[in-house]
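Colleague: Kindly return the folded structure for what I paste below:
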Amino acid sequence: MTKLRKVFLIISVFVFLVDRLLKIFISETTEIFLIPKILSLELYKNYGAAFGLKIPVFLIVIFSIAILVLIVIFIKKDIRKKIPHWVLLFLVLGAVSNIFDRIHYGYVVDTFNFLNISFFNLADGMIIVGLLLIFYYYRKN
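Modeller: Numbering: from 1, shown residues only. Below is the predicted model of the structure:
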């Protein structure tokens, strides 16, 4: 394993653990302003799917797991040579964290409030970064 892979593995696991800990912490506290009137830490229970679609939790969990399985199959067949596995770890850990929330709580715990219009968590960021890195490596190769 190269040094870069080890560093990214450590960063991935660290961000995953911080996401989990933030979700626990925020459920026991009130709003904390990081940047007043712009960004705060607060508990938001996201019962919907992307864009607030109202879909039953069990369907979201099944759909999320199916997408994860498809990603793994796709990785093993097509992308293995184009995208490093350590890049995919970011995407998978973010998805696993949100799936855990849906199964355990019945909703995703969002922890960041941006301008009172967007709620998200670190797992969402991991998914976005993972997707961006996948596109980057796919186009690069």
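Colleague: Relative to the whole chain's centre, how far out is the helix or strand of the chain with the lowest mean pLDDT?
Modeller: Using mean pLDDT, DSSP states H and E, the weakest-scoring helix or strand in the chain turns out to be helix 57-74, at a mean of 81. Relative to its chain's centre, helix 57-74 lies at 14 Å (CA atoms, centre = their mean, to the nearest Å).
Colleague: Could you list the low-pLDDT ranges of this protein?
Modeller: 1, 50-53, 74-81 (pLDDT under 70).
Colleague: Packing partners of the least confident helix or strand of the chain?
Modeller: helix 85-105 (3 or more CB pairs under 8 Å, 6 or more residues apart in numbering; DSSP states H and E). In short, each C-beta sits where N, CA and C put it, glycine included.
Colleague: Can you give me the buried ones in the helix it packs on?
Modeller: For helix 85-105, burial by neighbour count (16 or more other CB atoms under 10 Å) applies to 86-102.
Colleague: so what strands line up beside the helix or strand following that helix?
Modeller: Using DSSP states H and E, the helix or strand that directly follows helix 85-105 along the chain is strand 108-114. For strand 108-114, the paired strands and their directions (DSSP bridges) are strand 39-46 (antiparallel), strand 118-120 (antiparallel).
Colleague: Pull the distance from the lengthiest helix in the chain to the chain's centre.
Modeller: Longest helix of the chain, by residue count under DSSP state H: helix 3-26. Centre-to-centre, helix 3-26 and its host chain are 11 Å apart (CA atoms, centre = their mean).
Colleague: That one packs against which elements?
Modeller: By 3+ CB pairs under 8 Å, 6+ apart, helix 3-26 packs against strand 39-46, helix 85-105, strand 108-114, helix 122-140.
Colleague: Make a markdown table out of the ones you listed and add distance to residue 12.
Modeller: Below are these laid out as a markdown table (distance: least, CB to CB, whole Å):
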| stretch | distance to residue 12 |
| --- | --- |
| strand 39-46 | 22 |
| helix 85-105 | 5 |
| strand 108-114 | 18 |
| helix 122-140 | 8 |
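Colleague: And these: which comes nearest residue 55?
Modeller: helix 85-105 (10.7 Å; CB to CB).
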